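Enquirer: Dropping a prediction and its sequence here:
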Amino acid sequence: MSQTVFATPFIGREEELARLSGVLERARGGEARAVLIAGDAGVGKTRVLDEIAARAARSGTTVLTGHCVDLGDVGLPYLPFTEILGRLAGDERFTAVLDAHPLVGRLLGAGTDAVPAPGAAGTPSGGEGRLRLFEGMAALLADLSDVTPLLLVLEDLHWADQSSRDLLRFLLSRGFLQRPAGDGPGHRPAVLASYRADDLHRRHPLRPLLAELVRLPAVDRLELRPLADAEVTRLLRALEDRPLPDATVHRIVERAEGNAFYAEELLAATGSETGGVPSGLADLLLIRVEQLPETAQQVLRTAAVAGRRVDHDLLRDAVGLPEDELEAALREAVGRQLLVAGADGGYAFRHALAREAVYADLLPGERSRLHGAFAALLAARGRRGETAAERAHHYRASHDLGEALAASLEAADHAQRVGAPAEE
């Protein structure tokens, strides 16, 4: 029901689609299953869900989709489930099933008044009322699966309200997944739920629920990895009617790092003269940066000037924070999955485009000052041949052209000694 129509062909993900198709077949045969689909923003979770939903619908399965929405601290209770019930209410095939579950029907209308307050006339109070509501929802979905093969799709669980998380926990641990098949044709519901892995910081409320659910025998986890370079190339060729120069394709593939959304945004900006991160994509990348405390943002800005990767000691000296404050800031950045800690004690941006967006957001004077700081720190470290090219870059970006020239000559000498004529 209500699948998105995409203008481009579906590319890649054959293994993932085969696995999800198997889940649907098992559900049609009487074995209820759920799959939690994880992936970074833009990697293609919605595209995969829409593709498998379209295939399910063509085979006669009823697809019910509910979306979680980021409403900050003001969450609407049961929002994805009220969306699903609203779709059911609009289909006369399911009128009798809905009428048989009047308590669940009270969720229709989706809002803070959708569920009667505890103690209201004819309504059980407190936990008993919630339990009856949860049992009613489980019974409704189980009864629906007796009428039709059923696929339940829940998108963006990282934004789910607490009530929706509680209901999902019940459905998967004690609800319809655990119920025996009825007297109908033997269909069982299948559940596919997606969430952004890169949004799950250490204190995110979804994390304990996921840890609990993946231990259930009927629940699997599927991680959507970045697309292969060849698949991103095919995507770019399919998106653009005009022939694309190989150099353009190679550059986009290199920068997108397997993320389909990033590739599309970069392709759309190929006519831009700036060559930087497209503004829409930069805004998306910077949202998570701006959610960090100011000290952690300061550390990220400094790290962005160093490049994709930076040594801990070099970052500490450049940012000028006490060790405990730096470690707390780094923990925040790593927890938000913006930085990745390396085995060698350094840190790297999880995605190169995130680093580009943070770097582009620096003020000109701030950028020049930080480049100068890194150049001075590298110069004070010795090993002048190995760091000469890096120092030249930082000196040039800090507008110290004399030192940039001297470091460039050192870099050329070093390249000549190690047998690298192109770099020389």
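Expert: Yes, it's here.

Enquirer: alpha carbons only for contacts and neighbour counts from here, please
Expert: Will do.

Enquirer: List the residues that contact R225.
Expert: 39, 43 (C-alpha atoms under 8 Å, 6 or more residues apart in numbering).

Enquirer: before we move on, what about L405?
Expert: A392.

Enquirer: any low-confidence regions in the stretch 151-300 of the chain?
Expert: For the stretch 151-300 of the chain, applying pLDDT under 70 flags the ranges 175-186, 271-275.

Enquirer: Please disregard the earlier target; I meant the stretch 1-150 of the chain.
Expert: 1-8, 71-75, 109-126.

Enquirer: Would you mark the buried spots in the helix or strand hosting L141?
Expert: For L141, the host element (DSSP states H and E) is helix 126-147. Of all the residues in helix 126-147, those buried under the rule 16 or more other C-alpha atoms under 10 Å are 129-130, 133-147.

Enquirer: Then stretch 42-58?
Expert: 42-54, 56-57.

Enquirer: Run the chain-centre distance for that stretch.
Expert: Computed by C-alpha atoms, centre = their mean, to the nearest Å, the separation of stretch 42-58 from the middle of its chain amounts to 16 Å.

Enquirer: Need the contact partners of it.
Expert: Residues contacting stretch 42-58 (C-alpha under 8 Å, 6+ apart): 1, 3-4, 10, 13, 17, 20-21, 24, 37-39, 62-63, 151, 153, 155, 192, 194, 224-227, 258-262.

Enquirer: do that again at 7 Å, thanks
Expert: 3-4, 17, 39, 63, 194, 226, 259-262 (C-alpha atoms under 7 Å, 6 or more residues apart in numbering).

Enquirer: Do a quick rundown of the strands in the stretch 151-300 of the chain.
Expert: 190-196, 219-223 (DSSP state E, counting those that start in this stretch).

Enquirer: Put the alpha carbons of the shortest one into CSV.
Expert: The C-alpha trace of strand 219-223 is given here as CSV (Å, rounded to 0.1, in the frame of the first residue of the first chain):
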residue,chain,number,x,y,z
VAL,A,219,13.9,-11.7,14.6
ASP,A,220,16.9,-11.2,12.3
ARG,A,221,19.1,-8.2,11.6
LEU,A,222,20.1,-7.1,8.2
GLU,A,223,22.8,-4.4,7.7
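
Enquirer: Please name every helix or strand in contact with that strand.
Expert: strand 33-39 (3 or more C-alpha pairs under 7 Å, 6 or more residues apart in numbering; DSSP states H and E).

Enquirer: can you state the direction angle for the strand it packs on and strand 219-223?
Expert: Inter-element angle recorded for strand 33-39 and strand 219-223: 20 degrees (by axes from the mean of the first three to the mean of the last three C-alpha atoms, to 10 degrees).

Enquirer: Going along the chain from strand 33-39, find the next helix or strand for me.
Expert: Heading C-terminal from strand 33-39 (DSSP H and E), you reach helix 45-58.

Enquirer: burial of L363, as a residue count?
Expert: Applying other C-alpha atoms under 10 Å, we find 10 other residues in the vicinity of L363.

Enquirer: any idea how far it is from A296?
Expert: According to C-alpha to C-alpha, to the nearest Å, L363 and A296 sit 17 Å apart.
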